[in-house]
Structures are given as C-alpha cells and as structure tokens.
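# missing the sequence, but the structure's below:
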C-alpha cells in the first residue's frame with residue numbers, strides 16, 4: 001500500500017441546527033472531533049450502527065457538504081464519487097446523459113466521457129432503458145447505472161455506501177466481482193457498513209464510529225472484534241449504550 005496521504009481529517013466536526021415544534025432552537029452535533037488519514041491505494045472500512053454519523057462523514061468526504069468544525073485537508077484536487085442508492089441523478093435525463101455528466105464531473109473531457117458510455121451501458125445491463133429518463137427506472141436500475149458508472153470511470157477516491165442494492169443475484173455476483181477487483185487494485189476505497197464482517201472481508205484498515213466519535217482505528221480484525229463485542233453487550237443491556245460502553 002502506498003504511504004501517500006490522499007485526505008486528512010483534523011479535529012473534524014459536523015453539526016446542524018434545528019427547532020423543536022418551530023420554537024426552541026437546538027444544535028445537534030453529528031461528528032465530534034474526528035482525526036484520521038486516508039492513504040492512496042488503501043481500502044478503509046468505516047463501521048458503526050445506524051445514526052452513528054457514517055452518512056454525514058461520507059457526504060463530507062465526497063465534498064457534498066463542508067465540516068462545521070476542524071478541517072478536511074488534501075494536498076491536491078482529487079476526483080471522488082459516492083456510490084449509493086439513487087446516486088443523485090437528474091431524474092428527467094436519460095441514463096446515457098446522466099452517465100455522461102457523471103464522467104465529466106470526475107474530470108473526463110467530453111470525448112473521453114463519450115468513449116466510456118458504451119462500456120457503462122454494457123456493464124449496467126439496462127438495454128434500451130439506458131436511453132430513457134431515469135425517472136422511469138426502478139431503484140435497482142438506478143443503482144445499476146450508478147454502480148456501472150463508478151466502475152467504468154477512474155476516480156482518485158471511491159466511496160461506497162453499504163445501502164447499495166444492485167438488483168438480481170446475477171448482477172450482485174457480477175458487482176461483487178467488480179468490487180473486489182477495484183479493492184485489489186490501486187484504487188483508493190472507503191467502504192461504509194454497519195456489519196463488521198463485511199468490513200473485515202474487504203478492507204485493509206478500519207475505524208469504528210459511535211455517536212460521532214472514533215471508538216477504535218487500525219487493524220481491521222481488531223477493530224471489528226471490538227465493534228462486535230460492543231454490539232453483543234448492547235444486546236445484553238437491552239440497548240443501554242452507557243452500560244455497554246462501560247463494560
């Protein structure tokens with residue numbers, strides 16, 4: 001693995017403000033002082049329960065939102081894509097047009113983007129639907145388009161959300177094979193999951209998030225073991241997080 005650091009989070013925080021019943025304001029802190037590095041060529045796993053801050057962290061790493069505290073540092077302009085259900089496609093445009101736009105947003109010029117389209121269409125197995133508006137797609141078809149676009153365009157950082165669903169068993173097997181090829185290459189990947197076993201299967205390094213904090217970071221098996229131990233204690237406690245963390 002390359003030791004070059006692609007992105008660095010330094011005391012990074014994310015919070016938002018809201019109102020209760022339209023009157024009293026409150027601030028909810030989602031991420032609390034995260035510090036970690038993402039190295040070029042590695043597959044970093046991020047595990048944690050629903051609501052622990054994984055989705056917010058992905059959005060920050062993808063550049064969709066900025067941290068509200070601390071910083072996310074990179075020494076160069078990098079291309080990145082978040083592979084998740086829906087992909088943020090323009091519903092009124094065709095699959096072809098959305099794939100074209102996605103490729104160009106990753107830094108491809110118009111000619112290179114056009115050249116990538118046929119391989120995206122072939123991999124997605126969308127057939128004639130590739131030329132139809134995305135609003136006519138099922139959720140599985142949108143995922144297949146997003147997955148094919150991510151697999152067939154080269155980016156510096158590939159971000160993968162566990163909620164990805166890519167259709168029938170045939171396509172899932174094809175997608176898993178393509179994913180493992182990406183992971184085994186020099187592609188830098190961040191894979192987010194609530195399953196320690198999934199992270200352990202594909203990642204070279206991991207961190208565990210709980211309530212917006214990094215509870216453990218380092219060797220995937222060790223982090224996964226700590227996370228599973230916490231989840232077992234949480235089950236024993238009937239969902240009492242303070243009790244589980246104290247044990």
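Perfect, thanks for sending it. Source: prediction; values computed, not measured.
# Every contact and neighbour count from this point should use C-alpha atoms.
Noted.
# So what does residue 132 have for phi and psi?
phi -100, psi 160 (degrees, to the nearest 10).
# Tell me which other helices or strands the lowest-mean-pLDDT helix or strand in the chain touches.
Least confident helix or strand, the chain: helix 241-246 with a mean of 72, by mean pLDDT, DSSP states H and E. If you count contacts as 3 or more CA pairs under 8 Å, 6 or more residues apart in numbering; DSSP states H and E, helix 241-246 packs onto helix 220-236.
# where along this protein do the helices fall?
Counting by DSSP state H, one finds helices in the chain at the ranges 54-61, 95-105, 110-124, 139-152, 169-184, 196-202, 220-236, 241-246.
# Just send those helices back as CSV, with distance to residue 37 too.
Formatted as CSV, those follow (distance: least, CA to CA, whole Å):
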stretch, distance to residue 37
helix 54-61, 11
helix 95-105, 24
helix 110-124, 31
helix 139-152, 23
helix 169-184, 18
helix 196-202, 17
helix 220-236, 15
helix 241-246, 25
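# burial of the closest residue to residue 214 other than its chain neighbours, as a residue count?
Sequence neighbours aside, residue 208 is the residue nearest to residue 214 in space, at 5.7 Å (criterion: CA to CA, 6 or more residues apart in numbering). By the criterion of other CA atoms under 10 Å, residue 208 has 26 neighbours.
# now the residue nearest to residue 17 when sequence neighbours are not counted: how far from residue 229?
Leaving aside its sequence neighbours, residue 17 sits nearest to residue 27 (CA to CA, 6+ apart; 4.4 Å). Residue 27 is 31 Å from residue 229, where distance means CA to CA, to the nearest Å.
# and if you look at residue 220?
Separation of residue 220 from residue 229 (CA to CA): 14 Å.
# How about residue 91?
Separation of residue 91 from residue 229 (CA to CA): 43 Å.
# picking up where we left off before, any idea which of the helices of the chain gets closest to residue 190?
For residue 190, the closest of these is helix 54-61, at 8.6 Å, according to CA to CA.
# Okay, buried residues for the closest one please.
Across helix 54-61, burial judged by 16 or more other CA atoms under 10 Å covers 54, 56-58, 60-61.
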